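[1] Give me a 3D structure for the following:
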Amino acid sequence: VLSKGRSPRRKEVQAQSKASGAMQLAMSSVLSAFLGELPSWFLFFGVFLPVTLLLLLLIAYFRIKLIEVNEELSQSSDRQHNHKDGSSLSQRRKRS
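    Now for the predicted structure:
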């Protein structure tokens, strides 16, 4: 039996939104209780600092690799331009 102006679908949506709101409230209370029990020094030295150092290490590693690849590419392009073997490819490049 339907009430005035209400569809069964609307009731389902309202029930789902109430359930998700309750779940978010429960998760936020668990998270706040967890963070309240953790000392701030543990958060800084145990979580923030290692993650930051790891990201900086990855950035430095990939920067070094990128520089190495750029050097190899510049050396290979120098060899191609300086190599005079009379091949049709090098002659085509000289004509263009």
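[2] what's the domain layout of the chain?
    1-37, 39-96 (automatic domain parsing).
[3] Can you pull out the low-pLDDT segments for this structure?
    Residue ranges of the chain with pLDDT under 70: 1-21, 83-96.
[4] which residues of this protein fall in helices?
    8-37, 40-42, 49-82, 88-95 (DSSP state H).
[5] Quick one: those as JSON lines, columns for mean neighbour count too.
    Yep, even glycine has a C-beta here, placed from its N, CA and C like the rest. Output for these, formatted as JSON lines (neighbours: other CB atoms under 10 Å):
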{"stretch": "helix 8-37", "mean neighbour count": "10"}
{"stretch": "helix 40-42", "mean neighbour count": "9"}
{"stretch": "helix 49-82", "mean neighbour count": "10"}
{"stretch": "helix 88-95", "mean neighbour count": "10"}
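[6] which ones are touching A60?
    Shown in contact with A60 (CB atoms under 8 Å, 6 or more residues apart in numbering): no residues.
[7] Next one: it from L53, what distance?
    Distance, A60 to L53, by CB to CB, to the nearest Å: 10 Å.
[8] Please apply the same query to S32.
    S32 is 27 Å from L53, by CB to CB.
[9] do the same with S77
    Taken as CB to CB, the span from S77 to L53 is 36 Å.
[10] residues making contact with stretch 38-54?
    Contacts for stretch 38-54 (CB under 8 Å, 6+ apart): L35.
[11] got the end-to-end distance for that stretch?
    22 Å (CA to CA, to the nearest Å).
[12] please begin residue numbering at 571 from this point
    New numbering, starting at 571: the last item is stretch 608-624.
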